[in-house]
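Peer 1: have a look; sequence and predicted model below, questions after that.
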Amino acid sequence: MFPAEFQNSELGLIPKGWGILRFSESVEVAGGGTPRTSVAEYWNGEIPWYSVVDAPRAGDVFVVDTEKMVTSAGIENSSANILPAGATILSARGTVGKIALTGVPMAMNQSCYALRGKGGGATYHTYFATSYAIAAMQQMAHGSVFDTITRETLTRINVAHAHAEVVTQFEKLVAPMMTRILENVRQIRVLQNTRDTLLPQLLAGTMVVC
């Protein structure tokens, strides 16, 4: 299924039969938004709201919870949208190049882009393709105050483009490993929450240990 021969390209050696495509042509790009912070009913809701401070460690890959939460009213009255699980989030302003895979549906701020494979597929292929292209994006980032990756930046990055069948097989191959990573991240969060709940009680001497 995967080609064993390679060919020269502007990107170096790539599998034979693959093409070169602008990164922006391989993904669907969505922006984010921030509900008005002065409106209390927009915040402290049930919807995770991602910003760069929530970026996972490299090995964790997934983000399953966030520092701030918003309400449905906050989403409805801002440019923020709820992203599905499996979207790749790319930080594009200030601290550029941080990426995460959404482990649950969530919204994000306007300093990020959400990337999904064309047609909503290729979840993991999109994540790894984005990871591979980050160095080039960071080199092209610019701005008068903050380094910024713009939508134009995404049109100037070229990536190797595999046939749909290869991408489908790749998704099947890596899905079990990525699912295991996501479950580990969820378990870690449960343990952390339990620790944060019980430790103050232990330190205060108010918890009865049987």
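Peer 2: Cool, the structure landed.

Peer 1: going by C-alpha atoms from here, please, whenever you check contacts or count neighbours.
Peer 2: OK.

Peer 1: now the strands for this structure?
Peer 2: All strands of the chain, identified by DSSP state E, fall at 6-9, 12-15, 19-22, 27-31, 43-50, 62-63, 68-70, 88-91, 99-102, 107-108, 112-117, 158-161.

Peer 1: what about the longest helix in this protein?
Peer 2: Assignment by DSSP state H gives helix 164-204 as the longest helix of the chain.

Peer 1: and it, how far from the chain's centre?
Peer 2: Helix 164-204 sits 15 Å away from the centroid of its parent chain (CA atoms, centre = their mean, to the nearest Å).

Peer 1: who's in contact with the nearest residue to Tyr124 once chain neighbours are set aside?
Peer 2: The shortest distance from Tyr124 to any non-neighbouring residue, by CA to CA, 6 or more residues apart in numbering, is to Glu171 (6.3 Å). By CA atoms under 8 Å, 6 or more residues apart in numbering, the residues touching Glu171 are 122-125.

Peer 1: turn these into TSV, columns for pLDDT and neighbour count.
Peer 2: Shown next, in TSV, are those (pLDDT from 0 to 100; neighbours: other CA atoms under 10 Å):
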residue	pLDDT	neighbour count
Ala122	90	20
Thr123	95	20
Tyr124	96	22
His125	94	17
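
Peer 1: which of those residues sits closest to Glu76?
Peer 2: Nearest to Glu76 among the contacts of Glu171: Thr123, at 26.2 Å, using CA to CA.

Peer 1: quick check: closest non-adjacent residue to that closest one.
Peer 2: Closest to Thr123 by CA to CA, 6+ apart is Gly86, at 5.7 Å.

Peer 1: got it, and Met108?
Peer 2: Of all residues not flanking Met108 in the chain, Tyr50 sits nearest, at 4.3 Å (CA to CA, 6+ apart).

Peer 1: from Ala175, how far out is the one you found?
Peer 2: Separation of Tyr50 from Ala175 (CA to CA, to the nearest Å) stands at 24 Å.

Peer 1: of the two, who's got more company?
Peer 2: Higher neighbour count among Tyr50 and Ala175: Tyr50, with 28 against 14, using other CA atoms under 10 Å.

Peer 1: check that one and give its pLDDT.
Peer 2: If you check Tyr50, the pLDDT there is 98.

Peer 1: and the gap between it and Glu25?
Peer 2: 25 Å.

Peer 1: how about Ser91?
Peer 2: 19 Å.

Peer 1: between those two, which one's more packed in?
Peer 2: Ranked by neighbour count (other CA under 10 Å), Ser91 and Glu25 place Ser91 first, with 24 against 14.

Peer 1: these two touch, right, Ile149 and Gly94?
Peer 2: No: Ile149 is beyond contact range of Gly94, at 9.1 Å (criterion: CA atoms under 8 Å).

Peer 1: how about the closest residue to Thr168 other than its chain neighbours, what does it touch?
Peer 2: Spatial nearest neighbour of Thr168, excluding adjacent residues (CA to CA, 6+ apart): Ala122 at 7.2 Å. Ala122 is in contact with 116, 167-168, 171, counting by CA under 8 Å, 6+ apart.

Peer 1: quick one, what contacts Ser51?
Peer 2: Neighbours of Ser51 in contact, by CA under 8 Å, 6+ apart: 66, 91, 108-109, 111-112.

Peer 1: let's see that with 7 Å instead.
Peer 2: Contact analysis of Ser51 by CA atoms under 7 Å, 6 or more residues apart in numbering lists 108-109.
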